[in-house]
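Trainee: Below is the structure, and that's it, no one-letter string:
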């Protein structure tokens, strides 16, 4: 069964460093998302991406964050100048090979980011 | 701001018990509701996508209902098994742009 894959599974980084979280969505999907869950809190939306551009972003997704689909298969989340409060599980998701109505989103296993 | 709540926060049942939990959401501007099952160290797994008021969907021993007029959905598990132990998440679909998740219900099924 097709799946969304994320790498790395764990990432430890020093405060102030840049990290890139990588995702390979399901190949014929058109809509891509990043979510995160800070420990003990709800899963929260960061950004959605369609047709090679951001279609929606949350208040969390400020200038520190950026997304890219550099080669038609990978979908990356870059976090510049990481802060302690960026520590969270980051999930990538994809959906919709022909549209999104009534379709489920497929999630990766997540990347646990720890900023020290 | 769209707010999705779930109850209870956690639940412990004996193997063989049936159980249910609730997801509540704003009834205005409803588009779709998703249920996910999330086991530790695994990807959240889609269970149901529910769109119509009165919808009832079933997958094996798990079923879900939807009431969009009053803003709630129930998830039922019949004859719980230890492998049903997981966190069950509901999420409101914001017209495809994003999901707004509830906090989840953590289910533990004791053998």
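Mentor: Here it is on my side, so go on. All of these numbers come straight from a predicted model, not from anything done at the bench.
Trainee: Tell me where the model's unsure across the chain.
Mentor: Looking at chain A here, since you left the chain open. Applying pLDDT under 70 to chain A picks out residues A:97-100.
Trainee: Can you look at chain B instead?
Mentor: Applying pLDDT under 70 to chain B picks out residues B:1.
Trainee: how about the residues of it that lie near chain A?
Mentor: Counting by CB under 8 Å from any CB of the partner chain, chain B comes close to chain A at B:32, B:34, B:36, B:41-44, B:46, B:49, B:51, B:89, B:91, B:96-104. Quick note: C-beta positions are derived from backbone N, CA and C, even for glycine.
Trainee: Restricted to strands, list these.
Mentor: Mapping the residues of chain B next to chain A onto strands (DSSP state E) picks out B:32, B:34, B:36, B:46, B:49, B:89, B:91, B:99-101.
Trainee: Identify the farthest-apart pair in those.
Mentor: Considering CB to CB, no two members of those lie farther apart than B:46 and B:100, which are separated by 16.0 Å.
Trainee: where do the strands sit along chain A?
Mentor: Remark: strands assigned in chain A by DSSP E are A:5-7, A:10-13, A:19-24, A:31-37, A:43-50, A:53-57, A:65-68, A:75-79, A:88-95, A:106-107, A:111-115.
Trainee: Just send the ones you listed back as TSV, with distance to chain B and mean neighbour count too.
Mentor: Shown next, in TSV, are the strands of chain A (distance: least, CB to the nearest CB, whole Å; neighbours: other CB atoms under 10 Å in any protein chain shown):
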stretch	distance to chain B	mean neighbour count
strand A:5-7	9	16
strand A:10-13	11	14
strand A:19-24	12	19
strand A:31-37	7	23
strand A:43-50	4	21
strand A:53-57	4	14
strand A:65-68	13	16
strand A:75-79	15	20
strand A:88-95	8	24
strand A:106-107	5	23
strand A:111-115	10	18
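Trainee: Quick one: residues in contact with stretch A:35-51.
Mentor: Contacts to stretch A:35-51, defined as CB atoms under 8 Å, 6 or more residues apart in numbering or on different chains, come from residues A:30-34, A:54-58, A:60-61, A:65, A:67, A:69, A:75, A:77, A:85, A:87-91, A:93, A:107, A:110, B:89, B:91, B:97-104.
Trainee: so how far is it off the chain centroid?
Mentor: Distance of stretch A:35-51 from its chain centroid, counting by CA atoms, centre = their mean, to the nearest Å, is 7 Å.
Trainee: distance between the ends of that stretch?
Mentor: By CA to CA, to the nearest Å, the extent of stretch A:35-51 from end to end equals 19 Å.
Trainee: which parts of stretch B:49-56 are buried?
Mentor: Using 16 or more other CB atoms under 10 Å in any protein chain shown as the test for burial, stretch B:49-56 gives B:49-50, B:55.
Trainee: repeat for stretch B:39-51
Mentor: Going by 16+ other CB under 10 Å, stretch B:39-51 has these buried residues: B:43-44, B:46-50.
Trainee: ok, back up a step: most neighbours out of the ones in strands among the residues of chain B next to chain A, which is it?
Mentor: Highest neighbour count within these, by other CB atoms under 10 Å in any protein chain shown: residue B:99, with 27 neighbours.
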